[in-house]
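Undergrad: output the structure for:
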Amino acid sequence: MAIIIPSEALRVARALLNLTRSDLAEGAELAEKTIQRAEAGLPTARASERLQAFYEQRGISFTGSVDLATGAITGAGARWRSPTVLPPDGNEGDNFKTESFGVHFRAARAWLDKSQRFVAGETALTQKTIIALEQAGDHANSDFRRLREYYEGKGIEFLSWGDTSRNVYYGVGVRRKQMTAID
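TA: Numbers count the residues shown, from 1 in each chain. From the prediction side, this is the model:
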């Protein structure tokens, strides 16, 4: 069974790499229209396979579990590939993308497929604040909490683990929050 990467996870992967659709089309050797359709939920198996290979070659891994009976995917998302242990052994850490911000707000917004202006209106934050938070720039802790709570309220789970004493995070990304029996 061919697994089609969910459109939300494809948008998250592109946001993690900070690519435009045009840049992605060139790099993945696909038509921009094909990428637009895949990110809108209308991918072909060929496009999904090519995009998955492109992203994985650049250090992105996709998350999720597939129900083999139905093909339904739960916990779908994308993140930077992370080491198996922290801190990474020897020079292993050089093989992984790290970020100094353990939360990736641009990827969360990509999951929702919303503009910065839309999110600003929903959160009562300014668009300038949304931009600063997406770029890990200067921000107030209250703005950070408000934006994080907004995305978590929309069912997004932030992924990362790292060495907070050095401010280095591995495996940064987002996925659809997995529901538990308690939820």
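Undergrad: now do the contacts for Arg21.
TA: 14, 32, 35-36, 39 (Cβ atoms under 8 Å, 6 or more residues apart in numbering). Heads up, the C-betas are built off the backbone N, CA and C, glycines and all.
Undergrad: okay, Gly75 and Asp143: tell me how far apart.
TA: Counting by Cβ to Cβ, to the nearest Å, the gap from Gly75 to Asp143 is 28 Å.
Undergrad: mark which of the contacts of Arg21 are part of helices, please.
TA: The members of those that map onto helices under DSSP state H are 14, 32, 35-36, 39.
Undergrad: buried ones in the lowest-mean-pLDDT helix or strand in the chain, by neighbour count?
TA: Here the helix or strand of the chain ranked lowest by mean pLDDT, DSSP states H and E is strand 73-80, holding a mean of 83. If you call a residue buried by 16 or more other Cβ atoms under 10 Å, then strand 73-80 has these buried ones: 73, 76-80.
Undergrad: format the residues you listed as JSON lines; extra columns: distance to Gly173.
TA: Listed next are the buried residues of strand 73-80 as JSON lines, based on distance: Cβ to Cβ, whole Å:
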{"residue": "Ile73", "distance to Gly173": "15"}
{"residue": "Ala76", "distance to Gly173": "11"}
{"residue": "Gly77", "distance to Gly173": "6"}
{"residue": "Ala78", "distance to Gly173": "5"}
{"residue": "Arg79", "distance to Gly173": "2"}
{"residue": "Trp80", "distance to Gly173": "6"}
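Undergrad: out of those residues, the closest to Phe62 would be?
TA: Ala78 (5.3 Å; Cβ to Cβ).
Undergrad: ok, what's across the strand from the closest one?
TA: Ala78 has these beta-bridge partners by DSSP bridges: Phe62, Val174.
Undergrad: ok, it to Gln116 distance?
TA: 20 Å.
Undergrad: and if you look at Leu17?
TA: Distance of Leu17 to Gln116, given as Cβ to Cβ: 18 Å.
Undergrad: can you map out the helices along this protein?
TA: Using DSSP H, helices in the chain cover 7-17, 21-28, 32-39, 45-57, 105-112, 116-123, 127-134, 141-153.
Undergrad: just send these back as a markdown table, with mean pLDDT and distance to Gly64 too.
TA: Shown next, in a markdown table, are the helices of the chain (pLDDT from 0 to 100; distance: least, Cβ to Cβ, whole Å):
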| stretch | mean pLDDT | distance to Gly64 |
| --- | --- | --- |
| helix 7-17 | 94 | 7 |
| helix 21-28 | 95 | 20 |
| helix 32-39 | 95 | 16 |
| helix 45-57 | 92 | 12 |
| helix 105-112 | 95 | 13 |
| helix 116-123 | 97 | 24 |
| helix 127-134 | 95 | 24 |
| helix 141-153 | 95 | 18 |
